[in-house]
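# Sequence first, then the predicted structure:
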Amino acid sequence: MAAGDVVEQQEQPWNRQRLRSTNERLLLDRLRASGAASRAQLARDTGLSKPTVSSALASLESAGLVREVGTHAPERGRTAVLYAPDPAAGHALGVDIGRSWLRVAVADLDGTVVARSDVRNRARSSGALADLVVTTARQVVAGSGVAPEDVVHAVVGTPGVYDEKQRRVRYAMHLPGWGRAGLFDRMRAELGVPLEVHNDANLAALGEYTYGVGAGSRLFAYILIGTGLGMGVVSEGRLFTGARGLAGEIGFLPWPGQQKPARLEDAVSGVAVVEAARRFGMSGQLTAKAVFDAARQGNDAAVRAVRLEGERIAYTVAAAAAVLDPDLVVLGGGVGHSVDLLLQPVRDNLRALTPLRPRIAPSRLGEDAVLLGAVATALDTARDVVFERRSAAS
């Protein structure tokens, strides 16, 4: 026997195994993308033979990756069994860390949230906040009825940019001490789940693309206006983060301040709305929500503050339009909840600022945009992990 023949014989079992895995993944992806289907439909859609489809489905069903979900009775021919992915084959964890709120959710592989918790962020230190994340995540998993080992991946959204080399968050000015190295390593260890860290505005953009008004957009910008200011950019369904993950940090753009040079974030945020309302004569314990509510009631100082915020948001949209040429700009975050008051001032001022006028729309997901973006991102990895684990085990 020639040496080449030995190599070919040794490689054949590996090749057959790889081919089976490829076919199984092809069918699973088809079912996830287009819904339940019969063997015959899968064979037509994928080009695989009916025996190959039957064998692959049997393996997927044995691994707990697909299940029978009903039957289809055509006008002619035999009743066919319908198959779909089993959403309970694995789960993902999404976390949104904000200055005021912590939101945590567990979702199955279909993206359905099976349990979540929204808790006030009253942590006074970065260590206490890390503890709150771990405790809340454990409680959500426990309350979901999902075994902890079935949660295979987690994604955390946070203000700032995660530096993978230094293993810490940078530029999270509104979370004191949050830039301390090792915090996320600690959370990974205590949760026992692989954990990624992403910028909150980026995740909000992905959430809006996956579940909200950004679906189908070729290139859109999500402007997150809350305690701070950020932007996420999705192009052809993929997040654009720049060379070092800093794309979209528009809060650092210069803004001509009254006394000294300022940043755009100082002018376009919930804090800026409150400061403007005070300058125009409002008093008391003010929040951005209170100012917008007062504007709806016709309070003159509040109306002026909201109008000023609209002018500044228009400046932000103009800058994004000039650099990115988006077909859509989505306004979200805490201030985005009052977009009913802001849209007209933004559009009016945009016309005066630039000939570039992308469509402007409010976020459909509201305060859930970051959390759902975290879930969607975690699911991308979780689906791969679950397929590899269960295929290997079966």
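Perfect, thanks for sending it. Fair warning: this is a prediction, and the values are worked out from it, not measured in the lab.

# who touches the spatially most central residue of the chain in this structure?
Among the residues of the chain, the one closest to the centroid is Gly373, at 1.1 Å (CA atoms, centre = their mean). Neighbouring residues of Gly373 by CB atoms under 8 Å, 6 or more residues apart in numbering: 94, 157, 202-208, 210. Every C-beta, even on glycine, is put in place using the N, C-alpha and C of the backbone.

# quick check, nearest of those to Thr52?
Thr210 (31.7 Å; CB to CB).

# ok so, going back, what strand or helix carries the residue nearest to the centre of the chain?
Gly373 is part of helix 369-393 when elements are defined by DSSP states H and E.

# Tell me how many other residues crowd Arg296.
For Arg296, the count of nearby residues is 13 (other CB atoms under 10 Å).

# That one contacts Leu341, correct?
Yes - counting by CB atoms under 8 Å, Arg296 does reach Leu341; the two are 6.9 Å apart.

# Do me a favour and average the pLDDT over stretch 89-104.
Averaging pLDDT along stretch 89-104 yields 96.

# mind checking the end-to-end distance for that stretch?
End-to-end distance of stretch 89-104 (CA to CA, to the nearest Å): 20 Å.

# Which positions within it qualify as buried?
Residues of stretch 89-104 classed as buried: 89-99, 102-104 (neighbour count, 16 or more other CB atoms under 10 Å).

# ranges for the strands of the stretch 101-250 of the chain?
For the stretch 101-250 of the chain, the strands defined by DSSP state E, counting those that start in this stretch occupy 101-108, 113-120, 151-158, 161-163, 168-170, 195-199, 219-225, 229-235, 238-240.

# pLDDT weak spots in this structure?
For the chain, the stretches with pLDDT under 70 are 1-14, 75, 77, 257-261, 336.

# Pop out the phi and psi values for Glu249.
phi -80, psi 60 (degrees, to the nearest 10).

# any chance of the contacts of Gly373 in CSV, with distance to Gly182 too?
Shown next, in CSV, are those (distance: CB to CB, whole Å):
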residue, distance to Gly182
Gly94, 22
Gly157, 19
Asn202, 23
Leu203, 22
Ala204, 26
Ala205, 28
Leu206, 27
Gly207, 28
Glu208, 32
Thr210, 31
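
# Pull out the buried residues from those residues.
Buried among these (16+ other CB under 10 Å): 94, 157, 202-208, 210.

# and which of those residues is nearest to Gly145?
In terms of CB to CB, no member of these lies closer to Gly145 than Gly94, at 17.5 Å.

# That closest one bridge partners, please.
Ala105, Val155 (DSSP bridges).

# how close does it sit to Leu341?
To Leu341, Gly94 is 30 Å away according to CB to CB, to the nearest Å.

# of all the strands of the stretch 101-250 of the chain, which gets the most neighbours per residue?
strand 219-225 (a mean of 28; mean count of other CB atoms under 10 Å).

# Which residue is the nearest non-sequential neighbour of Arg67?
Asp86 (4.6 Å; CB to CB, 6 or more residues apart in numbering).

# Tally up the residues packed near the one you found, please.
Neighbours of Asp86 using other CB under 10 Å come to 21.

# ditto for Ser59
By other CB under 10 Å, the burial measure for Ser59, its neighbour count, is 19.

# Over to Tyr211?
18.

# Next, work out how far apart it and Gly111 are.
8 Å.

# now do Gly298
Applying CB to CB to Gly298 and Gly111 gives a distance of 42 Å.

# Val156 contacts Val134, doesn't it?
No - using CB under 8 Å, Val156 is not in contact with Val134, being 11.1 Å away.

# Name the nearest residue to Gly333, ignoring sequence neighbours.
Gly226 is the one closest to Gly333 (CB to CB, 6+ apart), at 3.8 Å.

# and that neighbour, what is it in contact with?
98-99, 269-270, 333-335.

# Repeat that for Ser144.
91, 106, 114-115.

# again with Asp200
Contacts of Asp200 (CB under 8 Å, 6+ apart): 96-98, 157-159, 224, 230, 370.

# which of the residues you listed lies closest to Ala393?
Nearest to Ala393 among those: Gly157, at 31.7 Å, using CB to CB.

# I figured the closest one hits Ile97, correct?
Yes - between Gly157 and Ile97 there is a contact under CB under 8 Å: 6.6 Å.
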